[in-house]
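Engineer: Coordinates only, no sequence provided:
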């Protein structure tokens, strides 16, 4: 029982550290989002989900300043992936341990992070106006995969939190 408490405490500290990094990086990303919207166009998420025609309209609305801000946001997003990926994987792992589910579940978050990386590279190519139709479509598919996996992961965590303590198999 003592080892279980120590493992839980260590896990809680890692979760708190990852949560702090996520919150800090989210603040940075929100500043970029504000800068992007100040140019008169939408934020980065509509760009992630846009098809080729819509992506071109968004870039036109942003103008050169907005496109620079979008480029910066996309580059910063590669670091953001590490923070939200780690935090989400730790949340899923915490819930998984409490429910005594297979250890493969947290690895599913890697799919979301990988999809986000594909999305980011594709959108940087769209901003360079390189084969916009192909890269905007690829970015949209990757964004949908990313959001779907993250939604499922967070639903899993929420379902665990909603369970009565007696229903969990915590060690």
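Structural biologist: Great, that's in hand. What you are looking at is a predicted structure, and each value in this text was computed from that prediction instead of being measured.

Engineer: What does the pLDDT read for residue 161?
Structural biologist: Residue 161 carries a pLDDT score of 88 in this model.

Engineer: Equivalent analysis for residue 171, please.
Structural biologist: pLDDT, residue 171: 47.

Engineer: Equivalent analysis for residue 164, please.
Structural biologist: Reading off the confidence values, residue 164 has pLDDT 69.

Engineer: Surely residue 35 touches residue 69?
Structural biologist: Yes: using CB atoms under 8 Å, residue 35 is in contact with residue 69, at 4.7 Å. (C-beta placed from N, C-alpha, C; glycine too.)

Engineer: Can you pick out the residue with more neighbours from the two?
Structural biologist: Per other CB atoms under 10 Å, whichever of residue 35 and residue 69 has more neighbours is residue 69, with 22 against 16.

Engineer: Can you tell me the element the more buried one falls in?
Structural biologist: helix 52-99 (DSSP states H and E).

Engineer: likewise residue 39?
Structural biologist: Counting by DSSP H and E, there is no helix or strand that carries residue 39.

Engineer: Now for it, how many residues are close by?
Structural biologist: Neighbours of residue 39 (other CB under 10 Å): 17.

Engineer: Quick check: it touching residue 60?
Structural biologist: No: Residue 39 is not in contact with residue 60 according to CB under 8 Å; the separation is 11.0 Å.

Engineer: residue contacts, residue 115?
Structural biologist: 142, 143, 145, 146, 149 (CB atoms under 8 Å, 6 or more residues apart in numbering).

Engineer: Narrow the residues you listed to just the buried residues.
Structural biologist: Among the contacts of residue 115, the ones that count as buried by 16 or more other CB atoms under 10 Å are 142, 143, 145, 146, 149.
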